[in-house]
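K.L.:
this one's sequence-less:
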């Protein structure tokens, strides 16, 4: 409605026709995904369907598009939810960004505690929202039929016309309306989390979701159009808030609608917290993202994916100042491109199979593919200059990243695979022990090194050889010639470069020997006491990690005070 208002109040008459078009598209997409659930009861997200039926690049395109869309879903939903709250309490407008970030953190904590717990928390607000909105629409229709509704738009809103009514503007309004459909495919992506029979319950849930969404969407649009409601040109109050205030006034029911709207939008964000980590888990299993995305946390949830989604969403909210209209310009293109790829993949799935009803199913999914492809083009064209170009650039970059990660894992697998039987050589390794002095930790580390090998070298770095005389005398008295002591002079008081150069020299002079570096280090009793020490062993360990042919062993000594 805000887009149409750019062409003047008269253009708002197109709100209902565009809403009906969005609702019809929703029904087509939901019906298509019900067939996807049937074909992929183990979870048939766009990535899996496109990857299996269309190939690697289409599959990764769907995955990248969905990942971007899930991040945007969290950002847009939380921003819109807080806007509903701000509409009821305008004094909170100055804290809108902070409240949006706090909402993301809240949903993150709930999901880190487990999917079932977060679902339980949101169950009651969901039903409250549905009943309150449906009742609001019923009351609005009754008051409209009895002629009991009067409305006088704000003068500033009626004079907001800045553009002429063109097809481009109409399509731009339609594209923004299509953002209502994002998240439709999420149910197909998480079928296994439903109660048995999983596929049947997922299909039923998707049908109810689409039906309720279409009914509420058209109902609100019809009332707004018939009343002649004019949206606020500035993002300071939502249309739903205006409509609710007009129908029921400023009493308790108004606040019930606003609070439940905030909570239902947080539930929309919660959908991404279920789907985003699971998609990353599947991609990690296929070796397209780092494998730690496949690990479950203490509460048996994919904690890394949840935290990655939260961090990305918070950065997006901060970057756009929690402005819903600005975020919507980035929205929907990702999910509609994944819709198109998924439905195209389903067409090939049915054509290659032997399902007796495959012709009807091809028509359903084919219709969904064509419809969503048209919408993808519309969104890309109408929203390109307003921010869609960012998503169009990010998706190919993500695909390149996925392929690079996969290439790395393949290279590692090739290099680690061998059919040669590895037998112990039985030779003693050459052991190097860097020591700062002959303290307790150094002496125990040297004793440990002697247990490993009869070839042990202690290394001490000093800025001036003369300063090492005290250590050499102490060494002769305590150790003798059982272990060789090497004194390395470092005029610039550097520690790591001389040690690394010495290790490199040993590798060159002893190319056939195993080289083991034993690092003596003490561990303070309290973790915070580590900041009082220079972490030399840790830095040396990190530097030696990338030196081939060198094994590093830590010898920790735990302090008791």
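P.N.:
Now that the structure is in, tell me what you want to look at. Computed from a predicted model, the values in this text were never measured in an experiment.

K.L.:
pLDDT below threshold where in this structure?
P.N.:
Residues of the chain meeting the criterion pLDDT under 70: 44, 114-122, 154-162, 234-235, 297-301, 418-427.

K.L.:
And it, what are its domain boundaries?
P.N.:
In the domain annotation for the chain, the residue ranges read 2-409, 430-558 (automatic domain parsing).

K.L.:
Include mean neighbour count and distance to residue 417 when you put those domains into a markdown table, please.
P.N.:
No exception for glycine: its C-beta is placed from N, CA and C like everyone else's. Below are the domains of the chain laid out as a markdown table (neighbours: other C-beta atoms under 10 Å; distance: least, C-beta to C-beta, whole Å):
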| stretch | mean neighbour count | distance to residue 417 |
| --- | --- | --- |
| domain 2-409 | 19 | 12 |
| domain 430-558 | 15 | 19 |
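
K.L.:
Setting aside sequence neighbours, what's the nearest residue to the residue nearest to the spatial centre of the chain?
P.N.:
Computing the C-alpha centroid of the chain and ranking residues by C-alpha atoms, centre = their mean puts residue 309 first, at 2.8 Å. The spatial neighbour of residue 309 that comes closest, neighbours along the chain excluded (C-beta to C-beta, 6 or more residues apart in numbering), is residue 276 at 4.5 Å.

K.L.:
For my notes, please list the domains of the chain in CSV and give distance to residue 415 for each entry.
P.N.:
Putting the domains of the chain into CSV (distance: least, C-beta to C-beta, whole Å) gives the following:
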stretch, distance to residue 415
domain 2-409, 11
domain 430-558, 12
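
K.L.:
Among these, which comes closest to residue 416?
P.N.:
Closest to residue 416 of those, according to C-beta to C-beta: domain 2-409, at 10.6 Å.

K.L.:
Just the endpoints, please. Distance across the closest one?
P.N.:
Taking C-alpha to C-alpha, to the nearest Å, domain 2-409 runs 48 Å from one end to the other.

K.L.:
got the contact list for the residue nearest to residue 321 when sequence neighbours are not counted?
P.N.:
Spatial nearest neighbour of residue 321, chain neighbours left out: residue 97 (5.9 Å); criterion: C-beta to C-beta, 6+ apart. Applying C-beta atoms under 8 Å, 6 or more residues apart in numbering, we find residue 97 in contact with 317-318, 321-322.

K.L.:
Could you measure from residue 97 over to residue 445?
P.N.:
Counting by C-beta to C-beta, to the nearest Å, the gap from residue 97 to residue 445 is 53 Å.

K.L.:
Residue 251 now?
P.N.:
Residue 251 sits 76 Å away from residue 445 when distances are taken as C-beta to C-beta.

K.L.:
So residue 64 sits against residue 400, correct?
P.N.:
No. In terms of C-beta atoms under 8 Å, residue 64 does not count as a neighbour of residue 400; the distance is 9.6 Å.

K.L.:
shared neighbours of these two, anything?
P.N.:
When contacts are counted by C-beta under 8 Å, 6+ apart, the set common to residue 64 and residue 400 is empty.

K.L.:
Show me the contact partners of stretch 497-514.
P.N.:
Counting contacts by C-beta under 8 Å, 6+ apart, the residues outside stretch 497-514 that touch it are 427, 429-430, 432, 434, 459, 461, 486, 488-490, 515, 517, 540, 543-544, 547, 549-551.

K.L.:
roughly how far out does the helix or strand where the residue nearest to residue 309 lies sit from the chain middle?
P.N.:
Element membership for residue 276 (DSSP states H and E) is helix 252-285. Taking C-alpha atoms, centre = their mean, to the nearest Å, one finds helix 252-285 lying 13 Å from the centre of the chain it belongs to.

K.L.:
for it, packing partners?
P.N.:
Where contact means 3 or more C-beta pairs under 8 Å, 6 or more residues apart in numbering; DSSP states H and E, helix 252-285 is packed against helix 46-53, helix 56-88, helix 96-112, helix 115-145, helix 186-189, helix 239-248, helix 303-320.

K.L.:
Out of these, flag the one nearest residue 365.
P.N.:
That would be helix 46-53 among these, by C-beta to C-beta, at 9.7 Å.

K.L.:
Out of the contacts of stretch 497-514, which sit inside helices?
P.N.:
Using DSSP state H to define helices, the subset of these located there is 540, 543-544.

K.L.:
so how far is stretch 22-31 off the chain centroid?
P.N.:
Relative to its chain's centre, stretch 22-31 lies at 26 Å (C-alpha atoms, centre = their mean).

K.L.:
Repeat that for stretch 469-476.
P.N.:
Counting by C-alpha atoms, centre = their mean, stretch 469-476 comes out at 58 Å from the chain centroid.

K.L.:
With stretch 217-236 instead?
P.N.:
In terms of C-alpha atoms, centre = their mean, the gap separating the centre of stretch 217-236 from the centre of its chain is 33 Å.

K.L.:
you'd agree residue 81 is up against residue 106?
P.N.:
No. Look at residue 81 against residue 106 with C-beta under 8 Å: they stay out of range, at 10.9 Å.

K.L.:
okay, and the common contacts of those two?
P.N.:
Common contacts of residue 81 and residue 106, defined by C-beta under 8 Å, 6+ apart, comprise residue 266.

K.L.:
which residue of the protein sits farthest from its center?
P.N.:
Computed with C-alpha atoms, centre = their mean, the maximum C-alpha offset from the centroid of the chain is found at residue 477, amounting to 61.3 Å.

K.L.:
Name the SS class of that residue, please.
P.N.:
Here residue 477 takes the helix state, with states given by DSSP: H, G, I helix; E, B strand; the rest coil.
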